[in-house]
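Peer 1: output the structure for:
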Amino acid sequence: QVQLVESGGGLVQAGGSLRLSCAASGRPFSNAAMGWFRQAPGKEREIVAAISGTGISTYYAGSVKDRFTISRDNAKNTGYLQMNSLKPEDTGVYYCATRWDSGSLRTTRYSYDSWGQGTQVTVSS
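Peer 2: Alright, predicted model coming up:
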């Protein structure tokens, strides 16, 4: 059974840092593209960052570029999102997602086929 479990969310002051983790199970993780998305109340779910199966290729939304870093450890079947210099507008539920049958970089929500349950990130001003 395919499963993605996020962890690492919480409450942090503006300017602080958090590291999210996404533990994957059920299928070979190294074959899968992975992405992090977020959804604020009343807003659409949007992509934050994406990474290819090998980890060589990455993508960042303009609003997080130079502040967030996506990475993965295929030996541990785990993906990460390091978030620095957090801002109140980064508040939302963060989801990891995978596309299991292709490791190519994917940046659109509908190109992913598995989702975690989400973890709340709240940044206070």
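Peer 1: ok, the residue positioned nearest the centre of the chain - contacts?
Peer 2: By CA atoms, centre = their mean, the chain has its centre lying nearest to W36, at 2.2 Å. Contact analysis of W36 by CB atoms under 8 Å, 6 or more residues apart in numbering lists 20, 22, 47-50, 70, 79, 81, 94-97. To be clear about C-beta, it is placed using only N, CA and C from the backbone, and glycine gets the same treatment.
Peer 1: 7 Å instead, please
Peer 2: 48-49, 70, 81, 94, 96 (CB atoms under 7 Å, 6 or more residues apart in numbering).
Peer 1: next one: T54
Peer 2: With CB under 7 Å, 6+ apart, T54 has these contacts: G103.
Peer 1: one more time with 8 Å
Peer 2: 30, 103.
Peer 1: M34 now?
Peer 2: 22, 24, 50-51, 53, 70, 72, 79, 96-99.
Peer 1: go again using 7 Å as the cut-off
Peer 2: 50-51, 72, 79, 96-98.
Peer 1: quickly list what it is bridged to.
Peer 2: I51, T98 (DSSP bridges).
Peer 1: pLDDT value on it, please?
Peer 2: If you check M34, the pLDDT there is 97.
Peer 1: cool, the one 10 residues further on as well?
Peer 2: The predicted local distance difference test score for E44 is 96.
Peer 1: what's the neighbour count on it?
Peer 2: 8 (other CB atoms under 10 Å).
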